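Visitor: sequence-free structure coming up:
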């Protein structure tokens, strides 16, 4: 069994500011840009990613709609029937028997599979591309909202399988992934993260959850990436980062002003959209079975004008 990193010095506030300044993409695609690293998903890269489809197998990367209250889902989603088969004769359109339902969700958190828009997080009152946090009003975001992804996010998905590298079924909730592990995952899997890639880092959260049940992620913890991974992600030029947790380790760092450093470096500094709470168990199994860790990735956020993100059901296509 391969153990994870040990005796790694904690990240300081000064180091986090240096990392943040190092990875900033402000102005890279112009002063008015709101797409951030999605600019790296060029038509040529999308076309090349489509060529990765070989057997036509599709795998969902989303968890089920989280309607059950649980330690990691304190604000469950709503799913209610408006009309159902047991009342089909009493209501509805004359001549049409139908079933209707309503759904609603507070999707940011630890349970719903969702994408974070670039207006979701601020650093020192600023968001991506030096926009003012005050541009996000009570009526919605005026800049950097999820509408930048209204035509979908399509490209080469790459999975880094950290549990396999460590020789375990899943990472424990207190695990922190350092950049050297990402490099060793590439080497072990025979894949290299390249510019424009949609990167997924598996920790085995949903595999553990299936065996042990849900847990309180804020107190017990949730595995994630060290903020020291941000320069490597910036150097490789990823377009999107996805995790089966919330990408940052939990509990949140106690460093003043840096509650979730990876969120802050990616969303605010790099302009890299984040997918949180993806169920990567299916795609991990598919990659291991095929011995390849790249595939076509497709996701379509809801078109919510002013939205700070969206629930999603991304797909991996092999």
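Guide: Looks like it came in fine. Fair warning: this is a prediction, and the values are worked out from it, not measured in the lab.
Visitor: Mind listing the residues bridging to the residue most central in space within the chain?
Guide: With distances taken as CA atoms, centre = their mean, the chain has residue 275 as the residue nearest its mean C-alpha position (1.6 Å). Beta-bridge partners for residue 275, by DSSP bridges, are residue 115, residue 242.
Visitor: Quick check: it touching residue 310?
Guide: No: under the criterion of CB atoms under 8 Å, residue 275 makes no contact with residue 310, lying 10.2 Å away. In this view, the C-beta of every residue, glycine as well, is placed from N, C-alpha and C.
Visitor: okay, and the common contacts of those two?
Guide: 114, 115 (CB atoms under 8 Å, 6 or more residues apart in numbering).
Visitor: got a pLDDT number for residue 6?
Guide: On the pLDDT scale, residue 6 is placed at 53.
Visitor: try residue 69
Guide: 96.
Visitor: Grab the nearest non-local neighbour of it.
Guide: Nearest non-adjacent residue to residue 69, counting by CB to CB, 6 or more residues apart in numbering: residue 76, 4.8 Å away.
Visitor: Could you pull up the residues touching residue 55?
Guide: Contacts of residue 55 (CB under 8 Å, 6+ apart): residue 318.
Visitor: Can you pull out the low-pLDDT segments for the protein?
Guide: The model of the chain has pLDDT under 70 over residues 1-7, 88-94, 253-254.
Visitor: Now do residue 110 against residue 76, distance only.
Guide: 12 Å (CB to CB, to the nearest Å).
Visitor: Specify which residue of those two has the higher count of neighbours.
Guide: The neighbour count for residue 110 versus residue 76, taken as other CB atoms under 10 Å, is higher for residue 110 (22 against 16).
Visitor: Excluding chain neighbours, what is closest to the more buried one?
Guide: Leaving aside its sequence neighbours, residue 110 sits nearest to residue 72 (CB to CB, 6+ apart; 4.5 Å).
Visitor: Just checking: what are the partner strands of the top strand by length along the chain?
Guide: Ranked by number of residues, the top strand in the chain under DSSP state E is strand 153-161. With DSSP bridges as the test, strand 153-161 is paired with strand 198-202 (parallel), strand 294-299 (antiparallel).
Visitor: contacting residues for residue 8?
Guide: Counting by CB under 8 Å, 6+ apart, residue 8 makes contact with 176, 178, 226.
Visitor: Quick one: buried ones out of the residues you listed?
Guide: Buried residues within those, counting neighbours by 16 or more other CB atoms under 10 Å: 176, 226.
Visitor: which one among the contacts of residue 8 gets closest to residue 23?
Guide: For the contacts of residue 8, the residue nearest residue 23 by CB to CB is residue 226; the value is 13.6 Å.
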